[in-house]
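>>> here's my sequence, what's the structure:
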Amino acid sequence: MADKKQFNYTFFISIIITIAVVIWGIASPSTFENMANAAFGFLVDKFGWFYTITMMSFVGFAIWIGFFSKYKNIRLGEQNSKPEYSFLTWFAMLFSAGMGIGLVFWGAAEPMNYFVAPLGVEAGTPEAARFAMQKSFLHWGFHPWANYAIFALASALMQFRYNKPCLVSSVFIPLIGEERANGTIGKIIDIFSIFAVLAAIATSLGLGTYQINSGLKFLFNIPETTSVQLSIVIIITIIYIVSTVTGLDNGIKHLANINVYIFTFVIIACFLVGPSIKILDTFIESTGYYIQTFIGSGLEDGAFFNKKWYGSWTIFYFTWFIVWTPFVGTFIARISKGRTIKEFIIGVMIAPSIASFIWFVIAGTMGIEQGLEFAKEAIKSTPTTLFSVLSNYTFGNIISIICVCLLVTFFVTSANSSTFVLAMFSSHGDLHPKGPKKILWGIVQSGLTLALMIGSVNGLQMLQTASIAAAFPFSFIMIFTMVSIVKMLKKDSV
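The predicted structure is shown next:
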């Protein structure tokens, strides 16, 4: 009974904090925005170096433990346990949760932004195109996925090998002991994690809603209005709550598989209708350049010039992915029982990075090939950039319609994954949370998204900035997570 009261305390405090932040943002948006921007600006200016080192350490640690350590063949579970899901289904679920809407949102827009405004080279040149691909690879490749992999690995070990609850605080048991992890320190960590999950997913769902609405306007002239956006959120909320309540095996798994099938179809279709040979050339050369400049580029934070650019792009992305870690890492851990550490790192860091590279090369090359003037015009509206690019190619409108469907499936898979994680957090770390908890969190997520979209013009962006500022303390949680992994594995009998 004590544990239940303790968790209820954590649950209600996290809800109160989240609602208080949202009310603040709606009631006094100027003060909230100023505070969030000031905090984020201070951290970027003073601690950009810290984020780059931290994210690089995640990559180095993941490569070491997955391929060179003596622990690489240890399984996430009993040593004779087998994976619960096929590799394709496992990959589909983790990939959908880890990137989701962001890939469609930025697939063409990000490389084109860099093409228009590169660092150190002239805009619209081949050098600018190479710069565009290098930075896109950096921001969506090994760094974010290594970040997810580190926390997911620790969480999976604690759940399946050492039989501890599926809570963020459980990761700290090897460092501070079970009593403290279940005490005040653990409560603070879990409250902070619930807030981070809610803030991250609310902003992403809101931005996804805007892009779906933009796509519908671009294709069918459906107006971008509050009522349309409200309808989108309500319909998708019903879908993802139903899929979450039906469980991992009956709902989330099947939707994730559908999601990857649609994504694969879009990639193949874009490759065939686009400049195929140019795409192949760009992929090979960009991959080589990414590997060649990996360490130097990954540690750049604007020390010599244009610190503002790095703050707006590289550091922004690094902090945003850290904020997503409690949700994505926990969900990946939940579906990874039975994998060896080596297989886990390949599936969580290497495979999704390659998929991201392929998508950015295809979408980015299709846009860049239209020229500098087109790119300048297309990036004026990020939600419609991809649709603008596709409109210049054969069957572009058909592919755009499929991309809107892809946005919906990414929206749903991200939301049902986060709903499942929040339900676990609010059920003592239960790996099979009950339906009412899932319904509650599904409604809360959508409610926060709608409140921010309707209540304040920049509500979603403000919450995003505020949540990113919270990445600073969570960075230390991630650093200690690496220490915890080594400490728990050293004591392992295998």
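>>> ok, residues contacting the helix or strand where Arg130 lies?
Using DSSP states H and E, Arg130 maps to helix 126-140. Helix 126-140 is contacted by residues 99, 102-103, 106, 110-115, 118-122, 282, 285-287, 289-290, 293-294, 297-298, 313-314, 317, 353, 356-357, 360-361, 364, 368 when judged by CB atoms under 8 Å, 6 or more residues apart in numbering. For every residue, glycine as well, the C-beta is placed using N, CA and C.
>>> so how far is it off the chain centroid?
Remark: helix 126-140 is offset 20 Å from the chain centroid, using CA atoms, centre = their mean, to the nearest Å.
>>> what pLDDT does Met1 get?
Note on Met1: pLDDT of 36.
>>> ditto for the one 3 residues further on
In this prediction, Lys4 carries a pLDDT score of 44.
>>> and if you look at Phe7?
45.
>>> repeat for Pro144
95.
>>> and the next helix or strand past the helix or strand where Leu452 lies?
Assigned by DSSP H and E, Leu452 belongs to helix 435-455. Using DSSP H and E, the helix or strand that follows helix 435-455 in sequence is helix 459-469.
>>> give me the angle between that next one and helix 435-455.
120 degrees (axes from the mean of the first three to the mean of the last three CA atoms, to 10 degrees).
>>> contact partners of the helix or strand following helix 459-469?
The helix or strand immediately downstream of helix 459-469 is helix 471-490, counting by DSSP H and E. Identification of contacts with helix 471-490 by CB under 8 Å, 6+ apart yields 43, 47, 50-51, 54, 57-58, 61, 65, 71, 74, 147, 150-151, 153-154, 157-158, 162, 168, 171-175, 189, 192, 196, 319-320, 322-323, 325-326.
>>> pLDDT weak spots in the stretch 51-200 of the chain?
100 (pLDDT under 70).
>>> let's see 90
The stretch 51-200 of the chain contains residues with pLDDT under 90 at 78-81, 96-105, 166-167, 178, 180-200.
>>> quick one, helices of it?
87-98, 101-106, 109-116, 126-140, 142-156, 173-176, 178-181, 184-220 (DSSP state H, counting those that start in this stretch).
>>> any idea how far the first one is from the chain center?
When you say that, I think you mean helix 87-98. Helix 87-98 sits 13 Å away from the centroid of its parent chain (CA atoms, centre = their mean).
>>> what do you get for the last one?
Here the centre of mass of C-alpha atoms in helix 184-220, compared against the chain's by CA atoms, centre = their mean, lies 10 Å away.
>>> what residues of the helix or strand following that helix count as buried?
Next helix or strand after helix 184-220 toward the C-terminus (DSSP H and E): helix 226-245. Using 16 or more other CB atoms under 10 Å as the test for burial, helix 226-245 gives 228-229, 232-233, 236-237, 239-241, 243-245.
>>> now do the next helix or strand after helix 226-245: which elements does it pack against?
Note on helix 226-245: by DSSP H and E, the next helix or strand toward the C-terminus is helix 253-273. Using 3 or more CB pairs under 8 Å, 6 or more residues apart in numbering; DSSP states H and E, the elements in contact with helix 253-273 are helix 87-98, helix 351-368, helix 396-425.
>>> redo that, cut-off 6 Å
Where contact means 3 or more CB pairs under 6 Å, 6 or more residues apart in numbering; DSSP states H and E, helix 253-273 is packed against helix 87-98, helix 396-425.
>>> circling back: report the angle between the axes of the helix holding Arg130 and helix 142-156?
Using the same axes, to 10 degrees, helix 126-140 lies at 10 degrees relative to helix 142-156.
>>> what is the orientation angle of the helix or strand where Phe12 lies with helix 396-425?
Under the criterion of DSSP H and E, Phe12 resides in helix 2-27. Comparing the axes of helix 2-27 and helix 396-425 via the same axes, to 10 degrees yields an angle of 140 degrees.
>>> centre of the chain to helix 2-27, how far?
What separates the centre of helix 2-27 from the centre of its chain is 23 Å, taken as CA atoms, centre = their mean.
>>> let's number from 47 now, not from 1
Sounds good: first residue 47 from here, last item helix 48-73.
>>> got the buried residues for that helix?
For helix 48-73, the neighbour count (16+ other CB under 10 Å) marks 52-53, 56-57, 59-61, 64, 67-68, 71-72 as buried.
>>> tell me the one among the residues you listed nearest to Gly384.
The nearest member of the buried residues of helix 48-73 to Gly384, counting by CB to CB, is Phe53 at 27.7 Å.
>>> what's in contact with stretch 343-361?
For stretch 343-361, the external contacting residues (CB atoms under 6 Å, 6 or more residues apart in numbering) are 90, 94-95, 97-98, 102, 165, 184.
>>> now render the helices of the stretch 97-246 of the chain as JSON lines, adding mean neighbour count and distance to Lys388.
Formatted as JSON lines, the helices of the stretch 97-246 of the chain follow (neighbours: other CB atoms under 10 Å; distance: least, CB to CB, whole Å):
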{"stretch": "helix 133-144", "mean neighbour count": "23", "distance to Lys388": "13"}
{"stretch": "helix 147-152", "mean neighbour count": "24", "distance to Lys388": "26"}
{"stretch": "helix 155-162", "mean neighbour count": "26", "distance to Lys388": "31"}
{"stretch": "helix 172-186", "mean neighbour count": "22", "distance to Lys388": "23"}
{"stretch": "helix 188-202", "mean neighbour count": "28", "distance to Lys388": "11"}
{"stretch": "helix 219-222", "mean neighbour count": "19", "distance to Lys388": "21"}
{"stretch": "helix 224-227", "mean neighbour count": "16", "distance to Lys388": "28"}
{"stretch": "helix 230-266", "mean neighbour count": "22", "distance to Lys388": "28"}
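>>> distance to Ser513 added to these, as JSON lines?
Shown next, in JSON lines, are these (distance: least, CB to CB, whole Å):
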{"stretch": "helix 133-144", "distance to Ser513": "17"}
{"stretch": "helix 147-152", "distance to Ser513": "15"}
{"stretch": "helix 155-162", "distance to Ser513": "20"}
{"stretch": "helix 172-186", "distance to Ser513": "18"}
{"stretch": "helix 188-202", "distance to Ser513": "15"}
{"stretch": "helix 219-222", "distance to Ser513": "25"}
{"stretch": "helix 224-227", "distance to Ser513": "24"}
{"stretch": "helix 230-266", "distance to Ser513": "4"}
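>>> the nearest residue to Ala315 once chain neighbours are set aside and Ile282, how far apart?
Excluding its sequence neighbours, the residue lying closest to Ala315 (CB to CB, 6 or more residues apart in numbering) is Ile445, at 5.2 Å. As judged by CB to CB, to the nearest Å, Ile445 and Ile282 stand 21 Å apart.
>>> what does Lys354 give?
Taken as CB to CB, the span from Lys354 to Ile282 is 35 Å.
>>> swap in Ala512?
According to CB to CB, Ala512 and Ile282 sit 24 Å apart.
>>> and if you look at Ile219?
37 Å.
>>> thinking again about what came up before, mean confidence for the helix holding Leu498?
Here the average pLDDT along helix 481-501 is 83.
>>> just the CA trace of it, in CSV.
Output in CSV follows, covering the C-alpha atoms of helix 481-501 (Å, rounded to 0.1, in the frame of the first residue of the first chain):
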residue,chain,number,x,y,z
GLY,A,481,-6.9,0.3,-20.0
PRO,A,482,-8.2,3.2,-17.8
LYS,A,483,-4.7,4.5,-17.3
LYS,A,484,-4.0,4.5,-21.0
ILE,A,485,-7.3,6.3,-21.7
LEU,A,486,-6.5,8.9,-19.0
TRP,A,487,-3.1,9.7,-20.4
GLY,A,488,-4.4,9.7,-24.0
ILE,A,489,-6.9,12.4,-23.1
VAL,A,490,-4.4,14.4,-21.0
GLN,A,491,-1.9,14.5,-24.0
SER,A,492,-4.5,15.7,-26.4
GLY,A,493,-6.0,18.1,-23.9
LEU,A,494,-2.6,19.7,-23.4
THR,A,495,-2.0,19.9,-27.1
LEU,A,496,-5.3,21.6,-27.8
ALA,A,497,-5.0,24.0,-24.8
LEU,A,498,-1.6,25.2,-26.2
MET,A,499,-2.8,25.4,-29.8
ILE,A,500,-6.0,27.3,-29.0
GLY,A,501,-4.9,29.2,-25.9
